[in-house]
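Enquirer: Provided below are the primary sequence and the corresponding predicted coordinates.
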Amino acid sequence: MAKSKPLKVSFYSYKGGSGRSTTCWNTVERLLQEVTPTREHPFVIIDTDIESRGSTVLYGAEEDFFGCNTYQSIQSRIKNGVNVTGTDDESRKRNFFDAMCPIGRKFGEDVDAYAVLLLGVDSDRNENIITKGEANAEQMGNFKDFVKLCEKYGAKGIFFDTPSGTQGWARQSLTHSTIVICCMRPTSQFQLTTKKALKDFVDKDKAQGDNKYYILTPTTVCVDRPQSFVVKNNEEEFPEYAHGLIMQDFRNEKYKAMVKLDMLEPTPEKSKVYKDNKDDGAHVFGIPEIKRFKWFEQSLGCLPKDKGFSSNDEMGLNRYQYLADTIMKYYSIIISEEE
C-alpha cells in the first residue's frame, strides 16, 4: 500500500502498567501485513521511555544499547545531534539506518531483520533530556531532526513507545505523531487520570490546529462473564458497566472528531484472524486480558502454529488485527486530507 507520508503512531498512557510496549509489539506485528516495510523502507520503533525502557527490554536489545553500546541510543542522538556521515545521500541513508538495532526477526522468521529497526535506551537515567524549559530547546530540535530524517530516508512507519504521564519525552512523542493509541486499563483510577490527560492533549491540539487522531484503547480487559460487583449500592455487571464509563465524555462534539472509540466496538468480521472464535462476541471490547502474558509478553503472531492457540490467544489476535485496521483507516484519512 503506497503512501506519501510514513505512518507515525504513539502508544501512550497517563498511568504506567497499561501495556503500552506489549500493545505496540503486537500491533506492529499486524501492521507488517498491511504496510510491508523493507530494508530500504523500514519501520522504526523509538523507545522514548528512558526510565523503564520497555521496548528495549522486550525486544531483547538491552545489551546492545545499555551494555556494550553496539548501536547509537536515543540519548546519544538527542544529546549529541543526529550526525549522519556519507559521501552521498544514499550512503548517508544507509549509515543512518545502520546505526539502529535490527529486530525484524522478533516478528517472525520470514521478516527481514532490517525491515524493523529499534532506537533503544542506553541507561535508566533521565539526565535532564527533553524536560520543560528553554535550556533543552536544542535537544528538542535534535529529536525533531531525527524524526524528519526517518521521513526523508523513506521509513514506512515511525512508532513511539512513550513513557507515562506528561513528561517531556511523552509530549515530544505525541507532538511528532499523527495517531495516538491511548492505552488504558478499565479501572476507575485509569479512567479518571488517563481520560483527563487525554482531554488536555486534545484541547491543546485543537487550539494549535493539529490534525491528529486519538484511538482510545482499553487494555487487559477481562472478558470472562458474568462479573458482578456493587457500585454505589447498585449491583452492576462487568464488562458492560466499565464499557459505559469509558464511553462517557467522548461522545460530545468537542472530542468526537479527534477521539475515536472504534476499539470499544465488537470485532468486525473482516478483522477476525480466527473467524470461528465463539468467545470473541459482542461483549468484547479493547484488548482482552491475554493469560499467557501474565508471565511472558511476546508477539502472539510468533507463537508456534503447530502447538495450537487457545481461544483467548485467538481473541487477542482478532483484537490486535482490529486495532491495526483502525490505525490504517485513520492513516488513509490523514493521507487523503494532505493530498
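Expert: Sure thing, it's come through.
Enquirer: can you give me the end-to-end distance of stretch 249-265?
Expert: This stretch, stretch 249-265, spans 16 Å end to end (Cα to Cα, to the nearest Å).
Enquirer: I'd like the average pLDDT over it.
Expert: Across stretch 249-265, pLDDT averages out at 85.
Enquirer: Show me which residues of it are buried.
Expert: Neighbour counts over stretch 249-265 (16 or more other Cβ atoms under 10 Å) mark 250, 255, 258-264 as buried. Quick note: C-beta positions are derived from backbone N, CA and C, even for glycine.
Enquirer: Over to stretch 277-295?
Expert: Buried positions in stretch 277-295, judged by neighbour count with 16+ other Cβ under 10 Å: 277, 279-280, 284-290, 293.
Enquirer: TSV for those, including pLDDT, secondary structure and distance to T166?
Expert: Putting these into TSV (pLDDT from 0 to 100; DSSP: H, G, I helix; E, B strand; the rest coil; distance: Cβ to Cβ, whole Å) gives the following:
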residue	pLDDT	secondary structure	distance to T166
N277	90	coil	38
D279	89	coil	37
D280	90	coil	35
V284	92	coil	31
F285	93	coil	26
G286	95	coil	23
I287	95	coil	23
P288	93	strand	28
E289	91	coil	27
I290	92	coil	28
F293	87	helix	27
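Enquirer: ranges for the helices of the stretch 101-250 of the chain?
Expert: 137-152, 168-175, 188-208, 240-247 (DSSP state H, counting those that start in this stretch).
Enquirer: residues touching the closest residue to E297 other than its chain neighbours, list them.
Expert: Closest residue in space to E297, ignoring its immediate chain neighbours: T22 at 4.5 Å, by Cβ to Cβ, 6 or more residues apart in numbering. By Cβ atoms under 8 Å, 6 or more residues apart in numbering, the residues touching T22 are 58, 293, 297.
Enquirer: Taking the chain centroid, which residue in the chain is the extreme one?
Expert: Computed with Cα atoms, centre = their mean, the maximum C-alpha offset from the centroid of the chain is found at N233, amounting to 37.9 Å.
Enquirer: hang on, the earlier thing: adding distance to R39 and mean neighbour count as columns, could you present the helices of the stretch 101-250 of the chain in JSON lines?
Expert: Below are these laid out as JSON lines (distance: least, Cβ to Cβ, whole Å; neighbours: other Cβ atoms under 10 Å):
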{"stretch": "helix 137-152", "distance to R39": "15", "mean neighbour count": "17"}
{"stretch": "helix 168-175", "distance to R39": "25", "mean neighbour count": "22"}
{"stretch": "helix 188-208", "distance to R39": "34", "mean neighbour count": "16"}
{"stretch": "helix 240-247", "distance to R39": "40", "mean neighbour count": "17"}
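Enquirer: Those: which one's closest to P218?
Expert: Nearest to P218, of all the helices of the stretch 101-250 of the chain, is helix 240-247, at 6.0 Å by Cβ to Cβ.
Enquirer: which residues are in contact with that closest one?
Expert: Contacts for helix 240-247 (Cβ under 8 Å, 6+ apart): 184, 186, 188, 191, 195, 216, 218, 221, 231, 261, 264, 283, 285.
Enquirer: Wait, the fourth one touches M184, no?
Expert: Yes - here Q191 lies in contact with M184, judged by Cβ atoms under 8 Å, at a distance of 7.1 Å.
Enquirer: Report pLDDT for the residue nearest to E297.
Expert: So T22 comes in at 93 (pLDDT).
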